[in-house]
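Trainee: Model the following, please.
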Amino acid sequence: METKILMLMVIFAVVFPLVLNRPLHKIGAQKLKALGMNRFNYDGEPVLTAGGLILVCSSAITGIVLIGLLLLRGVNSELLLHGFLFLTGMITMAFWGWHDDRASDRDAKGFRGHFGVLWRERRMTSGMWKLIGGTSTAFCLTLSLSNTLWAGFVAFGLLALCPNIINLFDLRPGRAIKVFWCLTALAGAFGLWTIGASAAMANWIFLIPVFMASMFMFPHDVGGKIMLGDTGANALGFAAGFSFVIGTPIYIQVSMLVLFLCLQVAAEFCSFSRVIEQVGWLRRLDQWGRATEAENKKNQTGSSGLV
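Mentor: Modelled structure (predicted):
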(Lines give C-alpha, C1' and ligand atoms only; values in the text may rest on other atoms or scores of the structure.)
Protein backbone atom coordinates (compact mmCIF):
# COMPACT_ATOMS: atom_id res chain seq x y z
CA MET A 1 0.00 0.00 0.00
CA GLU A 2 1.29 3.48 -0.82
CA THR A 3 2.63 5.43 2.14
CA LYS A 4 0.26 8.34 1.46
CA ILE A 5 -2.80 6.07 1.54
CA LEU A 6 -1.48 4.29 4.64
CA MET A 7 -1.05 7.57 6.50
CA LEU A 8 -4.52 8.71 5.40
CA MET A 9 -6.04 5.49 6.77
CA VAL A 10 -4.14 5.90 10.07
CA ILE A 11 -5.33 9.49 10.48
CA PHE A 12 -8.89 8.42 9.77
CA ALA A 13 -8.59 5.50 12.25
CA VAL A 14 -7.54 7.99 14.94
CA VAL A 15 -9.98 10.83 14.22
CA PHE A 16 -13.23 8.92 13.51
CA PRO A 17 -13.45 7.29 17.00
CA LEU A 18 -12.86 10.75 18.48
CA VAL A 19 -15.87 12.09 16.58
CA LEU A 20 -18.02 9.10 17.56
CA ASN A 21 -17.00 9.08 21.22
CA ARG A 22 -19.37 11.57 22.82
CA PRO A 23 -22.64 10.65 21.02
CA LEU A 24 -21.99 6.90 21.35
CA HIS A 25 -21.26 7.16 25.08
CA LYS A 26 -24.40 9.20 25.67
CA ILE A 27 -26.68 6.90 23.66
CA GLY A 28 -24.97 3.69 24.84
CA ALA A 29 -25.17 4.57 28.54
CA GLN A 30 -28.86 5.47 28.20
CA LYS A 31 -29.63 2.19 26.43
CA LEU A 32 -27.71 0.09 28.95
CA LYS A 33 -29.49 1.82 31.80
CA ALA A 34 -32.86 1.25 30.14
CA LEU A 35 -32.01 -2.46 29.80
CA GLY A 36 -31.21 -2.66 33.50
CA MET A 37 -27.56 -3.57 32.94
CA ASN A 38 -26.48 -2.87 36.49
CA ARG A 39 -24.16 -5.19 38.41
CA PHE A 40 -22.42 -5.00 41.77
CA ASN A 41 -18.73 -4.20 41.49
CA TYR A 42 -15.93 -5.62 43.68
CA ASP A 43 -16.87 -3.08 46.38
CA GLY A 44 -20.52 -4.11 46.44
CA GLU A 45 -21.71 -0.96 44.66
CA PRO A 46 -24.12 -1.09 41.69
CA VAL A 47 -22.43 0.02 38.47
CA LEU A 48 -23.59 0.05 34.87
CA THR A 49 -22.00 -2.89 33.03
CA ALA A 50 -21.44 -4.07 29.45
CA GLY A 51 -19.96 -0.66 28.63
CA GLY A 52 -17.75 -2.51 26.17
CA LEU A 53 -20.74 -2.37 23.83
CA ILE A 54 -19.96 1.32 23.26
CA LEU A 55 -16.33 0.49 22.53
CA VAL A 56 -17.32 -2.24 20.07
CA CYS A 57 -19.82 0.00 18.25
CA SER A 58 -17.23 2.76 17.82
CA SER A 59 -14.57 0.30 16.56
CA ALA A 60 -16.98 -1.54 14.26
CA ILE A 61 -18.35 1.63 12.64
CA THR A 62 -14.84 2.97 12.07
CA GLY A 63 -13.65 -0.40 10.76
CA ILE A 64 -16.52 -0.68 8.27
CA VAL A 65 -15.80 2.81 6.95
CA LEU A 66 -12.08 1.93 6.67
CA ILE A 67 -12.90 -1.19 4.65
CA GLY A 68 -15.10 0.92 2.37
CA LEU A 69 -12.28 3.42 1.82
CA LEU A 70 -9.77 0.62 1.12
CA LEU A 71 -12.17 -0.91 -1.42
CA LEU A 72 -12.49 2.46 -3.15
CA ARG A 73 -8.69 2.75 -3.32
CA GLY A 74 -8.29 -0.80 -4.65
CA VAL A 75 -5.92 -1.84 -1.85
CA ASN A 76 -4.53 -5.40 -1.74
CA SER A 77 -6.92 -8.19 -0.84
CA GLU A 78 -4.91 -9.51 2.13
CA LEU A 79 -5.38 -6.31 4.14
CA LEU A 80 -9.08 -6.30 3.33
CA LEU A 81 -9.34 -9.96 4.38
CA HIS A 82 -7.63 -9.17 7.67
CA GLY A 83 -9.96 -6.23 8.21
CA PHE A 84 -13.04 -8.33 7.50
CA LEU A 85 -11.87 -11.17 9.76
CA PHE A 86 -10.93 -8.74 12.52
CA LEU A 87 -14.32 -7.03 12.55
CA THR A 88 -16.21 -10.33 12.29
CA GLY A 89 -14.22 -11.87 15.13
CA MET A 90 -14.41 -8.84 17.42
CA ILE A 91 -18.18 -8.42 16.99
CA THR A 92 -18.82 -12.16 17.44
CA MET A 93 -16.65 -12.37 20.56
CA ALA A 94 -18.43 -9.29 21.94
CA PHE A 95 -21.78 -10.99 21.26
CA TRP A 96 -20.79 -14.00 23.42
CA GLY A 97 -19.67 -11.59 26.12
CA TRP A 98 -22.96 -9.68 25.86
CA HIS A 99 -24.86 -12.97 26.23
CA ASP A 100 -22.95 -13.58 29.47
CA ASP A 101 -23.49 -10.00 30.70
CA ARG A 102 -27.25 -10.37 30.18
CA ALA A 103 -27.44 -13.73 32.00
CA SER A 104 -28.41 -14.12 35.63
CA ASP A 105 -26.51 -17.37 36.40
CA ARG A 106 -23.16 -15.83 37.36
CA ASP A 107 -22.31 -17.93 40.42
CA ALA A 108 -20.00 -20.37 38.61
CA LYS A 109 -16.47 -19.01 38.08
CA GLY A 110 -13.55 -20.30 36.05
CA PHE A 111 -13.29 -23.41 33.93
CA ARG A 112 -13.68 -25.66 36.97
CA GLY A 113 -16.86 -23.85 38.02
CA HIS A 114 -18.58 -24.02 34.63
CA PHE A 115 -17.58 -27.62 33.96
CA GLY A 116 -18.58 -28.49 37.53
CA VAL A 117 -22.13 -27.17 36.97
CA LEU A 118 -22.35 -29.07 33.67
CA TRP A 119 -21.18 -32.28 35.34
CA ARG A 120 -23.27 -32.05 38.52
CA GLU A 121 -26.45 -30.37 37.26
CA ARG A 122 -26.37 -31.22 33.54
CA ARG A 123 -26.88 -27.50 32.91
CA MET A 124 -25.12 -25.09 30.56
CA THR A 125 -24.12 -21.86 32.28
CA SER A 126 -23.84 -18.60 30.33
CA GLY A 127 -20.09 -18.82 30.89
CA MET A 128 -20.05 -22.26 29.23
CA TRP A 129 -21.94 -20.86 26.23
CA LYS A 130 -19.36 -18.06 26.06
CA LEU A 131 -16.57 -20.62 26.16
CA ILE A 132 -18.08 -22.74 23.37
CA GLY A 133 -19.01 -19.72 21.27
CA GLY A 134 -15.61 -18.08 21.64
CA THR A 135 -13.76 -21.29 20.86
CA SER A 136 -15.88 -21.93 17.78
CA THR A 137 -15.34 -18.36 16.59
CA ALA A 138 -11.58 -18.68 17.01
CA PHE A 139 -11.57 -21.99 15.12
CA CYS A 140 -13.53 -20.61 12.14
CA LEU A 141 -11.30 -17.53 11.85
CA THR A 142 -8.15 -19.62 12.09
CA LEU A 143 -9.15 -21.52 8.94
CA SER A 144 -8.81 -18.28 6.96
CA LEU A 145 -5.77 -16.89 8.76
CA SER A 146 -3.26 -19.75 8.71
CA ASN A 147 -1.65 -21.78 5.95
CA THR A 148 -0.15 -24.62 7.98
CA LEU A 149 -1.47 -26.92 10.67
CA TRP A 150 1.11 -25.73 13.22
CA ALA A 151 0.47 -22.02 12.56
CA GLY A 152 -3.26 -22.70 12.69
CA PHE A 153 -2.95 -24.46 16.05
CA VAL A 154 -1.01 -21.53 17.55
CA ALA A 155 -3.37 -18.91 16.06
CA PHE A 156 -6.40 -20.80 17.35
CA GLY A 157 -4.88 -20.95 20.83
CA LEU A 158 -4.18 -17.21 20.88
CA LEU A 159 -7.59 -16.17 19.55
CA ALA A 160 -9.43 -18.52 21.91
CA LEU A 161 -7.39 -17.83 25.06
CA CYS A 162 -6.67 -14.10 24.87
CA PRO A 163 -10.30 -12.99 25.46
CA ASN A 164 -10.40 -15.14 28.58
CA ILE A 165 -7.07 -13.70 29.77
CA ILE A 166 -8.48 -10.16 29.58
CA ASN A 167 -11.60 -11.43 31.36
CA LEU A 168 -9.44 -12.79 34.19
CA PHE A 169 -8.11 -9.29 34.84
CA ASP A 170 -11.48 -7.53 34.54
CA LEU A 171 -12.03 -7.55 38.31
CA ARG A 172 -11.07 -3.99 39.17
CA PRO A 173 -11.77 -0.66 37.39
CA GLY A 174 -9.41 -0.06 34.48
CA ARG A 175 -7.34 -3.22 34.98
CA ALA A 176 -8.52 -5.04 31.83
CA ILE A 177 -7.88 -1.98 29.64
CA LYS A 178 -4.35 -1.65 31.06
CA VAL A 179 -3.64 -5.32 30.30
CA PHE A 180 -4.99 -4.78 26.77
CA TRP A 181 -2.67 -1.80 26.30
CA CYS A 182 0.32 -3.81 27.55
CA LEU A 183 -0.42 -6.73 25.21
CA THR A 184 -0.99 -4.58 22.13
CA ALA A 185 2.14 -2.53 22.91
CA LEU A 186 4.08 -5.80 23.06
CA ALA A 187 2.57 -6.96 19.76
CA GLY A 188 3.36 -3.60 18.16
CA ALA A 189 6.95 -3.60 19.42
CA PHE A 190 7.58 -7.16 18.23
CA GLY A 191 5.98 -6.27 14.87
CA LEU A 192 8.21 -3.22 14.38
CA TRP A 193 11.25 -5.27 15.34
CA THR A 194 10.56 -8.26 13.10
CA ILE A 195 8.52 -7.21 10.04
CA GLY A 196 9.29 -3.49 9.72
CA ALA A 197 7.40 -0.24 10.28
CA SER A 198 5.34 -0.20 7.06
CA ALA A 199 3.98 -3.76 7.39
CA ALA A 200 3.40 -3.33 11.13
CA MET A 201 1.49 -0.08 10.59
CA ALA A 202 -0.70 -1.71 7.94
CA ASN A 203 -1.57 -4.45 10.42
CA TRP A 204 -2.53 -1.80 12.98
CA ILE A 205 -5.05 0.06 10.79
CA PHE A 206 -8.01 -1.88 12.20
CA LEU A 207 -6.57 -2.09 15.71
CA ILE A 208 -6.11 1.68 16.09
CA PRO A 209 -9.88 2.39 16.40
CA VAL A 210 -10.12 -0.20 19.21
CA PHE A 211 -7.13 1.34 20.94
CA MET A 212 -8.66 4.82 20.64
CA ALA A 213 -12.05 3.62 21.89
CA SER A 214 -10.36 1.98 24.89
CA MET A 215 -8.66 5.30 25.72
CA PHE A 216 -12.02 7.08 25.66
CA MET A 217 -13.60 4.35 27.80
CA PHE A 218 -10.77 4.36 30.35
CA PRO A 219 -11.85 7.47 32.39
CA HIS A 220 -15.38 6.06 32.74
CA ASP A 221 -14.07 2.62 33.75
CA VAL A 222 -11.50 3.72 36.34
CA GLY A 223 -13.91 6.38 37.58
CA GLY A 224 -16.37 3.69 38.65
CA LYS A 225 -19.07 5.02 36.31
CA ILE A 226 -19.32 2.06 33.95
CA MET A 227 -17.75 -1.39 33.62
CA LEU A 228 -16.45 -3.00 30.44
CA GLY A 229 -18.27 -6.22 31.25
CA ASP A 230 -17.65 -9.46 29.39
CA THR A 231 -18.75 -7.66 26.21
CA GLY A 232 -15.77 -5.33 26.32
CA ALA A 233 -13.27 -7.78 27.81
CA ASN A 234 -14.01 -10.36 25.10
CA ALA A 235 -13.65 -7.76 22.33
CA LEU A 236 -10.38 -6.34 23.70
CA GLY A 237 -8.98 -9.83 24.26
CA PHE A 238 -9.75 -10.86 20.71
CA ALA A 239 -8.18 -7.65 19.35
CA ALA A 240 -4.99 -8.28 21.34
CA GLY A 241 -4.79 -11.92 20.22
CA PHE A 242 -5.43 -10.97 16.59
CA SER A 243 -2.62 -8.39 16.71
CA PHE A 244 -0.16 -11.15 17.64
CA VAL A 245 -1.49 -13.58 15.02
CA ILE A 246 -1.16 -11.24 12.02
CA GLY A 247 1.69 -9.03 13.23
CA THR A 248 4.36 -11.21 14.84
CA PRO A 249 6.47 -14.24 13.83
CA ILE A 250 5.44 -17.73 14.89
CA TYR A 251 8.03 -17.99 17.69
CA ILE A 252 6.61 -14.86 19.35
CA GLN A 253 3.11 -16.29 19.00
CA VAL A 254 4.21 -19.56 20.59
CA SER A 255 5.82 -17.67 23.49
CA MET A 256 2.63 -15.68 24.12
CA LEU A 257 0.49 -18.81 23.89
CA VAL A 258 2.64 -20.52 26.54
CA LEU A 259 2.35 -17.40 28.73
CA PHE A 260 -1.45 -17.35 28.34
CA LEU A 261 -1.69 -21.07 29.16
CA CYS A 262 0.37 -20.55 32.32
CA LEU A 263 -1.83 -17.61 33.37
CA GLN A 264 -4.97 -19.63 32.67
CA VAL A 265 -3.80 -22.55 34.82
CA ALA A 266 -2.57 -20.21 37.57
CA ALA A 267 -5.96 -18.47 37.68
CA GLU A 268 -7.61 -21.73 38.69
CA PHE A 269 -5.48 -21.93 41.83
CA CYS A 270 -4.68 -18.37 42.94
CA SER A 271 -6.16 -14.87 42.95
CA PHE A 272 -4.53 -12.39 40.56
CA SER A 273 -5.91 -9.53 42.69
CA ARG A 274 -4.10 -10.89 45.76
CA VAL A 275 -0.83 -11.23 43.82
CA ILE A 276 -1.14 -7.67 42.48
CA GLU A 277 -1.78 -6.34 46.00
CA GLN A 278 1.39 -8.01 47.28
CA VAL A 279 3.74 -6.65 44.57
CA GLY A 280 4.47 -2.95 44.94
CA TRP A 281 4.95 -1.90 41.32
CA LEU A 282 2.00 -4.01 40.16
CA ARG A 283 -0.19 -2.45 42.88
CA ARG A 284 0.80 1.08 41.86
CA LEU A 285 0.21 0.31 38.18
CA ASP A 286 -3.14 -1.28 38.98
CA GLN A 287 -4.30 1.73 41.02
CA TRP A 288 -3.13 4.30 38.48
CA GLY A 289 -6.04 6.49 37.38
CA ARG A 290 -8.55 4.74 39.62
CA ALA A 291 -11.12 6.80 41.49
CA THR A 292 -10.82 7.05 45.25
CA GLU A 293 -13.47 5.55 47.49
CA ALA A 294 -15.02 9.00 48.02
CA GLU A 295 -15.16 9.65 44.29
CA ASN A 296 -16.78 6.26 43.72
CA LYS A 297 -19.46 7.07 46.28
CA LYS A 298 -20.07 10.36 44.50
CA ASN A 299 -20.44 8.58 41.17
CA GLN A 300 -22.88 6.08 42.63
CA THR A 301 -25.13 8.85 43.94
CA GLY A 302 -25.73 10.02 40.41
CA SER A 303 -23.41 12.99 40.19
CA SER A 304 -22.04 11.60 36.92
CA GLY A 305 -23.75 12.71 33.78
CA LEU A 306 -23.02 9.38 32.14
CA VAL A 307 -24.76 6.95 34.44
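
Trainee: Listing request: residues of the protein with sub-threshold pLDDT.
Mentor: Scanning the chain for pLDDT under 70 picks out 1, 76, 105-108, 291-307.

Trainee: can you map out the helices along it?
Mentor: 3-34, 52-73, 77-102, 110-121, 126-145, 149-169, 175-195, 197-204, 208-222, 229-247, 250-267, 272-278, 280-287, 293-298 (DSSP state H).

Trainee: any idea how far the spatially closest residue to Val154 that is not a sequence neighbour lies from Thr49?
Mentor: Spatially, and ignoring its direct neighbours in sequence, Val154 is nearest to Gln253 (4.8 Å; C-beta to C-beta, 6 or more residues apart in numbering). C-betas here are computed from N, CA, C, even on glycine. Separation of Gln253 from Thr49 (C-beta to C-beta, to the nearest Å) stands at 32 Å.

Trainee: and what of Glu277?
Mentor: 23 Å.

Trainee: Then Ile27?
Mentor: From Ile27 across to Thr49, the span is 17 Å (C-beta to C-beta).

Trainee: Neighbour count: Glu277 and Thr49, which is higher?
Mentor: Between Glu277 and Thr49, Thr49 has the larger neighbour count (other C-beta atoms under 10 Å), namely 22 against 13.

Trainee: Might you report the residue contacts of the more buried one?
Mentor: 32, 37-39, 101, 226-229 (C-beta atoms under 8 Å, 6 or more residues apart in numbering).

Trainee: Please tell me how far Pro163 sits from Asp101.
Mentor: Applying C-beta to C-beta to Pro163 and Asp101 gives a distance of 14 Å.

Trainee: Which one's more surrounded, the two?
Mentor: Comparing Pro163 with Asp101 by other C-beta under 10 Å, the one with more neighbours is Pro163, at 31 against 28.

Trainee: Can you tell me the closest non-neighbouring residue to the more buried one?
Mentor: Pro163's closest residue in space is Gly237 (C-beta to C-beta, 6+ apart), at 3.2 Å.

Trainee: Count the residues that sit near the one you found.
Mentor: Gly237 has 33 nearby residues by other C-beta under 10 Å.

Trainee: quick revisit: Glu45 is nearest to which of the helices of the chain?
Mentor: With respect to Glu45, and counting by C-beta to C-beta, the nearest of those is helix 293-298 at 6.5 Å.

Trainee: Who are the contact partners of the spatially most central residue of the chain?
Mentor: When C-alpha atoms, centre = their mean is applied to the chain, the residue found nearest the centroid is Leu236 (1.0 Å). Shown in contact with Leu236 (C-beta under 8 Å, 6+ apart): 52, 55, 163, 166, 176-177, 180, 210, 214, 228.
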